[in-house]
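Trainee: Take a look and give me a structure for this.
(one chain, ligands or ions: 1)
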Amino acid sequence: MRIYKAKDYADMSRKAANVLSAQIIMKPDCVLGLATGSSPIGIYDQLIEWYKKGDLDFSEVTTVNLDEYKGLTKENDQSYYYFMHDHLFSHVNIDVNKTYLPDGMAENADAECERYDKLIQSLGGVDLQLLGMGHNGHIGFNEPGEAFDKGTHCVALQPSTIEANKRFFASADDVPKFAYTMGIKTIMQAKKILIVVSGADKAETVKKAFFGPITPEVPASILQLHNNVVLVADEAALSKVDL
Ligand code: F6R
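Mentor: The predicted structure follows:
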């Protein structure tokens with residue numbers, strides 16, 4: 001694993017955007033695995049800036065997102081579909097027909113998971129998967145204890161996640177109870193992985209995930225077994241490890 005120490009969130013975002021940008025330049029028709037949440041927003045902003053300067057071309061890029069809430073329409077501003085259009089797709093020259101997320105409104109959950117895994121396979125797999133990491137070490141919606149051998153699946157959100165997310169909805173009842181996520185197996189099949197982590201509140205988890213034992217209790221720890229991982233973390237997130 002290659003580790004880049006960034007000064008702060010802005011520096012982390014620029015360094016990580018450089019990795020994504022190098023991927024797009026080296027392989028213009030690459031398949032990017034993308035993430036939502038607060039960690040990648042600075043990266044997307046940077047990529048948009050470089051696109052506007054004429055330094056990046058997304059016209060041949062395909063994207064597959066890690067996860068999506070079950071039961072939210074594309075128009076719902078809390079859906080990851082909405083997030084991706086809002087933070088990236090509508091600002092660059094990507095062909096939206098080549099941007100994929102699990103369909104939150106699919107009627108049959110099992111069929112949707114199977115469709116998503118087959119789609120990723122039919123694209124030839126993910127060239128570069130971008131990941132953030134939760135405070136408990138989750139990646140995608142793969143929470144502690146989840147088996148390492150799963151493909152895309154539907155997960156019941158933990159009560160703590162519903163509680164944490166209810167501020168974005170009219171009430172706790174409106175928070176989705178389930179979500180689709182690429183499984184650890186799907187994530188590990190990506191050719192390259194870029195994981196970004198920022199903030200002192202994740203420092204202990206960074207230590208456990210990348211310098212501790214590999215265990216389903218810390219889902220991101222499995223990344224130690226992948227042969228092409230880049231971790232870009234800021235000083236605060238790396239404050240509990242000696243580099
Ligand atoms: C997002 C995702 C999540 C987040 C993680 C960190 O698509 O799958 O695993 O990456 O929860 O979230 P932030 O970046 O908001 O701290």
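Trainee: So Leu231, which state does it fall into?
Mentor: At Leu231, secondary structure determined by DSSP: H, G, I helix; E, B strand; the rest coil is strand.
Trainee: List the contacts of it.
Mentor: Met1, Arg2, Ile3, Tyr4, Ile195, Val196, Val197, Phe210 (C-beta atoms under 8 Å, 6 or more residues apart in numbering). All C-beta atoms are positioned from the backbone trio N, CA, C, and that covers glycine.
Trainee: Please tell me how far it sits from Gly137.
Mentor: 13 Å (C-beta to C-beta, to the nearest Å).
Trainee: lowest-confidence helix or strand of the protein?
Mentor: helix 159-165 (a mean of 82; mean pLDDT, DSSP states H and E).
Trainee: And the residue most central in space within the chain, how far from Phe211?
Mentor: Central residue of the chain (C-alpha atoms, centre = their mean): Ala35, 2.6 Å from the mean position. Ala35 sits at a distance of 22 Å from Phe211 (criterion: C-beta to C-beta).
Trainee: got the phi/psi numbers for Asp201?
Mentor: Per-residue torsions, Asp201: phi -70, psi -10 (degrees, to the nearest 10).
Trainee: surely it meets Gly134?
Mentor: No. Contact criterion C-beta atoms under 8 Å: Asp201 and Gly134 do not qualify, at 10.8 Å.
Trainee: Comparing those two, which residue is more hemmed in?
Mentor: Comparing Asp201 with Gly134 by other C-beta atoms under 10 Å, the one with more neighbours is Gly134, at 20 against 10.
Trainee: pLDDT score for the more buried one?
Mentor: Note for Gly134: predicted pLDDT of 93.
Trainee: still on that earlier bit, could you pick out the buried ones from the contacts of Leu231?
Mentor: Tyr4, Ile195, Val196, Val197, Phe210 (16 or more other C-beta atoms under 10 Å).
Trainee: from those residues, which ones fall inside strands?
Mentor: Tyr4, Ile195, Val196, Val197 (DSSP state E).
Trainee: so which of the residues you listed comes closest to Val96?
Mentor: The nearest member of those to Val96, counting by C-beta to C-beta, is Val196 at 24.4 Å.
Trainee: beta partners of the closest one?
Mentor: Under the criterion DSSP bridges, Val196 forms beta bridges with Val232.
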